[in-house]
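**Q** my questions concern the predicted model and sequence given below.
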Amino acid sequence: DALLSADKPLAGRRAIVTSGPTHEPIDPVRYIANRSSGKQGHAIAAALARLGADVTLVSGPVTIPDPQGVRTIHVERADEMRDAVLGTLPADIAVMVAAVADWRVAASAEQKIKKQPGEPPAPLQLTENPDILKTVGHHEKRPRLVIGFAAETENVELNGKAKLERKGADLILANDVSPETGIMGGDRNSVRLIEAAHTESWPDLSKEEVAERLALWIAARLSGERS
Ligand code: CTP
Ligand code: CA
């Protein structure tokens, strides 16, 4: 069976990956965002494609190129990212790597807010953004494998475990993104895999190695379900 060939174990599987930050406008020239290079999410999209998956990458604004062999949808805001992800369902695999802004400005200004010397503008009113991972994890078209990241600066394992449950995910890759780790914006990553009944560490790998290992983990998990 060609679909089960050893080098393309994800042939015939559809995957959705989110990557990068979202930008939430304050006015036409200003925005709120999280720090995210997109390196880890893009590497995961590419690794899934190399294993034969049909991959849609939904990317926020990043400076790195679109990965090879992947359909990339470019978005700016969290609500656009959510719409693109839901529009791509059904899928077998969802890996939500994007650093989605948790809040957006409730009423962003149509025109550039002008500086009034000595008079800073009124505090911004924020409103909560949709939680894309949680939406996918509880969706009627829920993919068989729903995977998220948990970027933490403290209590990595505890916070990761709570996220696994809250979001309805099968796996959370938790990492410590404290500034001293150099993970944010860097080329390396150290993650802790958290499942309901099992955790393990993948310390000090390149972001490509994390992607490669995760793609193989996904292939093994799905092939186990097929038999
Ligand atoms: N995520 C998402 N949509 C959001 C927020 C987060 O899809 N609006 C996803 C991220 O892509 C990641 C996971 O949820 O896979 C965890 O994101 P994180 O920011 O660590 O979790 P939050 O639930 O937002 O909690 P907090 O920021 O308070 O730690
Ligand atoms: Ca968050």
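**A** Sure, I can see it. Ligands and ions are numbered 1, 2, ... in the order given.

**Q** would you map the helices across the chain?
**A** Listed in chain order, the helices of the chain (DSSP state H) span 39-50, 78-88, 132-137, 156-167, 207-226.

**Q** using PDB, list the CA coordinates for the last one.
**A** It stands for helix 207-226. This file holds the C-alpha atoms of helix 207-226, laid out as PDB (Å, rounded to 0.1, in the frame of the first residue of the first chain):
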ATOM      1  CA  LYS A 207      14.100  23.900  16.100                       C
ATOM      2  CA  GLU A 208      14.400  21.700  13.000                       C
ATOM      3  CA  GLU A 209      15.200  18.700  15.200                       C
ATOM      4  CA  VAL A 210      12.200  19.400  17.400                       C
ATOM      5  CA  ALA A 211      10.100  19.600  14.200                       C
ATOM      6  CA  GLU A 212      11.500  16.400  12.800                       C
ATOM      7  CA  ARG A 213      10.900  14.500  16.100                       C
ATOM      8  CA  LEU A 214       7.400  15.800  16.500                       C
ATOM      9  CA  ALA A 215       6.500  14.800  12.900                       C
ATOM     10  CA  LEU A 216       7.800  11.300  13.600                       C
ATOM     11  CA  TRP A 217       5.900  11.200  16.900                       C
ATOM     12  CA  ILE A 218       2.700  12.200  15.000                       C
ATOM     13  CA  ALA A 219       3.300   9.600  12.300                       C
ATOM     14  CA  ALA A 220       3.800   6.800  14.900                       C
ATOM     15  CA  ARG A 221       0.700   7.900  16.800                       C
ATOM     16  CA  LEU A 222      -1.500   7.900  13.700                       C
ATOM     17  CA  SER A 223      -0.100   4.600  12.400                       C
ATOM     18  CA  GLY A 224      -0.800   3.000  15.700                       C
ATOM     19  CA  GLU A 225      -4.500   4.000  15.300                       C
ATOM     20  CA  ARG A 226      -4.700   2.600  11.900                       C
END
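
**Q** contacts for it, please.
**A** Contact partners of helix 207-226, identified using CB atoms under 8 Å, 6 or more residues apart in numbering, comprise 4, 9-10, 13, 39-40, 43-44, 46-48, 50-51, 53, 92-93, 95, 144-145, 147, 171, 173, 187-189, 191, 193, 202, 205. Every residue, glycine included, has its C-beta placed from N, CA and C.

**Q** these in strands, which ones?
**A** 93, 95, 145, 147, 171, 173, 188-189, 191, 193, 202, 205 (DSSP state E).

**Q** thinking again about what came up before, out of the contacts of helix 207-226, which end up buried?
**A** Buried members of the contacts of helix 207-226, counted by 16 or more other CB atoms under 10 Å: 9-10, 13, 39-40, 43-44, 46-48, 50-51, 53, 92-93, 95, 145, 147, 171, 173, 188-189, 191, 193, 202.

**Q** out of the helices of the chain, flag the one nearest ligand 1.
**A** Nearest to ligand 1 among the helices of the chain is helix 132-137; the distance by CB to the nearest ligand atom comes to 3.3 Å.

**Q** what mean pLDDT would you report for that closest one?
**A** Averaging pLDDT along helix 132-137 gives 98.

**Q** for stretch 145-156, same thing?
**A** Stretch 145-156 shows a mean pLDDT of 92.

**Q** was I right about residue 81 contacting residue 22?
**A** Yes - counting by CB atoms under 8 Å, residue 22 is a contact partner of residue 81 at 5.8 Å.

**Q** what touches both of those two?
**A** Common contacts of residue 81 and residue 22 (CB under 8 Å, 6+ apart): 60, 75, 98, 100.
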